[in-house]
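In: coordinates only, sequence not included:
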């Protein structure tokens, strides 16, 4: 695996890979890698691509009172994991390399970026879309891989690529979970043992909600209330619990077709997200 | 010259040109071509590029009370002029091809887009940056050519390319003028004979302002007042007359270094713009 910190060098390396006949895949991450990230790499490897992973904790997508400074970082550990998973090129730029001066230009994602996580994190998705747009232009990938844990982010990046005609296929990869069902997240390290134990209920309550829906419950508000009651047994503070259309994130009253149940819950100052996609036109996956 | 209306076809044609060893140049226009546009094509041809010209009257950059509907269009005449100038591929998409549904994603250009023309045309530069970003992604050019008559647009696109790491060199080409000095513009056809005669004073007053500055006037407000008095002799309605830093468009009190004098004036409902770049560190060009 090669490593580089500068834009010009990434371009040279990718150009060479293209000359050698490879398609190019991008796996954008903020580092502190876990199995969720490595699943993205494996997916890209299966298609035979030259895999570029970026590791960049993007200041633009953190609000002033968020956890940019304390976001966990461990570049050497990440590099070892990336190499082992089959990353060909690790791009880990400094903030100065990505933003030599403050960006005047930003990619605005409209209403999709203002709801759910965007409501409690104003500017978050604008920052995420802007840095992903930059990475698309730096790497020039054929495919880009995103975890479905950040489902709203995945939809927004897909929308951005479509709206701005980026010649990039945006591919979503299913959530990877701990053995007890908690979605893998770099932020899980912040949980106290009690919070860690309680956080399991995020996935449990989503699974129960799917079960209720499969058994006939169609009122989105009732589904949300059921999850909320379950989570009231924890010390978690609910940011949102929402049943939404899985393609547009539009609000839903009566559940039909394909929906996503998305939630965000604070444990202390750690904000966890999780979701479950339920397609009533196809049978349930294993719970 | 080949012509095409769809994104996928442009990509195929450009890919072929690249395989044949050409660099690729983009000349984005709204059509109704004049010598200003053709100068962009000639500049690109001189570098030996495969020249793609787009003709697209972009609804996104017109305000609700602006002249989108009446903006002059003549595709067959344009195609003949483009072919003669050496365009290799003319891309003239429909609004449906460019915006299959309303764009949720937009490229915001920040403070650079809110001043001068942006102040009287809110959303104009967001629309322009968004469509140029789309064209960059559709065509994938090495170079893109813009006329310096739209000086603010040129700076904004250059800033966008830099901020978002588009691998595109943005090249500005000097204003082409009628014999009497009026800057060439597709909108000049809307002028009545009297307005057309008076419009000459835009360039005359800019030349006089440069002369005053070369002779020692340094107060930006005085320069602006001089131009305003000159234009009061016409039926034109001044939108703005501004001396600004030529790189940042920041406001200027005492003129030094490199400045741009930019103006916008309505004749009837037709809005004309013009500008003059004055670099005090280099001698005057011919007036």
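Out: Looks like it came in fine. Model, not experiment: these values are computed from the prediction.

In: Tell me where chain A has strands.
Out: A:2-4, A:24-29, A:50-55, A:89-91, A:106-108, A:143-147, A:169-173, A:237-245, A:258-267, A:270-279 (DSSP state E).

In: so what secondary structure elements neighbour the last one?
Out: With contacts defined as 3 or more CB pairs under 8 Å, 6 or more residues apart in numbering or on different chains; DSSP states H and E, the packing partners of strand A:270-279 are helix A:193-214, strand A:258-267. Quick note: C-beta positions are derived from backbone N, CA and C, even for glycine.

In: Give the pairing partners of it; include direction for each.
Out: Next to strand A:270-279 in the sheet, as set by DSSP bridges, lie strand A:258-267 (antiparallel).

In: Quick check: buried residues in the strand it pairs with?
Out: Buried positions in strand A:258-267, judged by neighbour count with 16 or more other CB atoms under 10 Å in any protein chain shown: A:259-265, A:267.

In: ok, now stretch A:162-170?
Out: Applying 16+ other CB under 10 Å to stretch A:162-170 flags A:162-166, A:168, A:170 as buried.

In: and chain B, which of those residues contact it?
Out: A:163-166 (CB under 8 Å from any CB of the partner chain).

In: and those residues as a markdown table, adding pLDDT and distance to residue B:145?
Out: Output for these, formatted as a markdown table (pLDDT from 0 to 100; distance: CB to CB, whole Å):
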| residue | pLDDT | distance to residue B:145 |
| --- | --- | --- |
| A:163 | 97 | 24 |
| A:164 | 98 | 21 |
| A:165 | 98 | 20 |
| A:166 | 98 | 22 |
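
In: So which of these belong to helices?
Out: Members of those lying in helices (criterion: DSSP state H): residue A:163.

In: Out of the ones next to chain B among the buried residues of stretch A:162-170, which comes closest to residue B:7?
Out: residue A:165 (6.4 Å; CB to CB).

In: what does chain A put close to chain B?
Out: Residues of chain A lying near chain B (CB under 8 Å from any CB): A:7, A:11, A:103-112, A:126, A:129-130, A:133-134, A:137-138, A:140, A:159-160, A:163-167.

In: In helices, which of those residues appear?
Out: In helices, judged by DSSP H, the following of those are found: A:7, A:11, A:126, A:129-130, A:133-134, A:137-138, A:159-160, A:163.

In: Neighbour-wise, which one of these leads?
Out: Ranked by neighbour count (other CB atoms under 10 Å in any protein chain shown), these have residue A:160 at the top, with 29 neighbours.

In: In contact with the residue lying closest to it once chain neighbours are set aside: list those residues for me.
Out: Once flanking residues are discounted, residue A:160 sits nearest to residue B:105: 4.6 Å by CB to CB, 6 or more residues apart in numbering or on different chains. Contact analysis of residue B:105 by CB atoms under 8 Å, 6 or more residues apart in numbering or on different chains lists A:107-110, A:129, A:159-160, A:163-164, B:130.

In: Need phi/psi at residue B:105.
Out: phi -90, psi 140 (degrees, to the nearest 10).

In: Now do it, the pLDDT please.
Out: Residue B:105 carries a pLDDT score of 97 in this model.

In: thinking again about what came up before, adding distance to residue B:81, write the strands of chain A out as TSV.
Out: Output for these, formatted as TSV (distance: least, CB to CB, whole Å):
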stretch	distance to residue B:81
strand A:2-4	46
strand A:24-29	39
strand A:50-55	43
strand A:89-91	44
strand A:106-108	35
strand A:143-147	40
strand A:169-173	37
strand A:237-245	48
strand A:258-267	50
strand A:270-279	53
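
In: out of those strands, nearest to residue B:227?
Out: Judged by CB to CB, the one of those that comes nearest to residue B:227 is strand A:106-108, at 34.1 Å.

In: returning to that earlier point: how about the helices and strands packed on strand A:270-279 in TSV, adding mean pLDDT and distance to residue B:32?
Out: Putting the helices and strands packed on strand A:270-279 into TSV (pLDDT from 0 to 100; distance: least, CB to CB, whole Å) gives the following:
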stretch	mean pLDDT	distance to residue B:32
helix A:193-214	97	56
strand A:258-267	98	46
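
In: Figure out which of the ones you listed is closest to residue B:56.
Out: Closest to residue B:56 of the helices and strands packed on strand A:270-279, according to CB to CB: strand A:258-267, at 34.8 Å.

In: Now do that closest one: distance to the chain's middle.
Out: The chain centroid and the centroid of strand A:258-267 are separated by 13 Å under CA atoms, centre = their mean, to the nearest Å.

In: sorry, back to before: return the distance of the residue nearest to residue A:160 relative to residue A:222.
Out: 34 Å (CB to CB, to the nearest Å).

In: With respect to residue B:78, which of the buried residues of stretch A:162-170 is nearest?
Out: When the buried residues of stretch A:162-170 are compared against residue B:78 (criterion: CB to CB), the nearest one is residue A:165, at 22.6 Å.

In: Chain neighbours aside, what residue packs nearest to that closest one?
Out: residue B:137 (4.2 Å).

In: Who are the contact partners of that neighbour?
Out: With CB under 8 Å, 6+ apart, residue B:137 has these contacts: A:164-167.

In: Adding distance to residue A:37, write these out as TSV.
Out: Listed next are the contacts of residue B:137 as TSV, based on distance: CB to CB, whole Å:
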residue	distance to residue A:37
A:164	25
A:165	28
A:166	22
A:167	24
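
In: From those, pick the one nearest residue B:229.
Out: Nearest to residue B:229 among the contacts of residue B:137 is residue A:164, at 45.2 Å by CB to CB.

In: Could you verify my assumption that that closest one touches residue A:109?
Out: No - counting by CB atoms under 8 Å, residue A:164 does not reach residue A:109; the two are 10.4 Å apart.

In: Look up how far residue B:276 lies from the residue nearest to residue A:165.
Out: Using CB to CB, we find residue B:137 at a distance of 34 Å from residue B:276.

In: Residue A:41 now?
Out: Distance from residue A:41 to residue B:276, by CB to CB: 54 Å.

In: now do residue A:84
Out: Going from residue A:84 to residue B:276 by CB to CB gives 61 Å.

In: Quick check: which ranges of the stretch 151-287 of chain A have low pLDDT?
Out: A:285-287 (pLDDT under 70).

In: How about whichever residue of it sits closest to chain B, nearest residue that isn't a chain neighbour?
Out: The stretch 151-287 of chain A approaches chain B most closely through residue A:163 (3.7 Å), counting by CB to the nearest CB. Distance criterion CB to CB, 6+ apart; nearest residue to residue A:163, sequence neighbours excluded, is residue B:105 at 3.7 Å.

In: before we move on, back to that, looking at residue A:84 and residue B:276, which one has more neighbours?
Out: Shown here are residue A:84 and residue B:276; by other CB under 10 Å, residue B:276 has more neighbours (23 against 11).

In: quick one: that one and residue B:209 touch, right?
Out: Yes - with contact defined as CB under 8 Å, residue B:276 reaches residue B:209; the gap is 7.1 Å.

In: Now list whatever residues contact both of those two.
Out: Overlap of the contact sets of residue B:276 and residue B:209 (by CB under 8 Å, 6+ apart) consists of residue B:261.

In: Roughly how far does residue A:183 sit from residue A:43?
Out: Look at residue A:183 and residue A:43: by CB to CB, they are 17 Å apart.

In: Those two - which one has more neighbours?
Out: The neighbour count for residue A:183 versus residue A:43, taken as other CB under 10 Å, is higher for residue A:183 (22 against 19).

In: For the more buried one, give me its contacts.
Out: Going by CB under 8 Å, 6+ apart, residue A:183 touches A:36, A:149, A:175-177, A:202-203, A:272-274.
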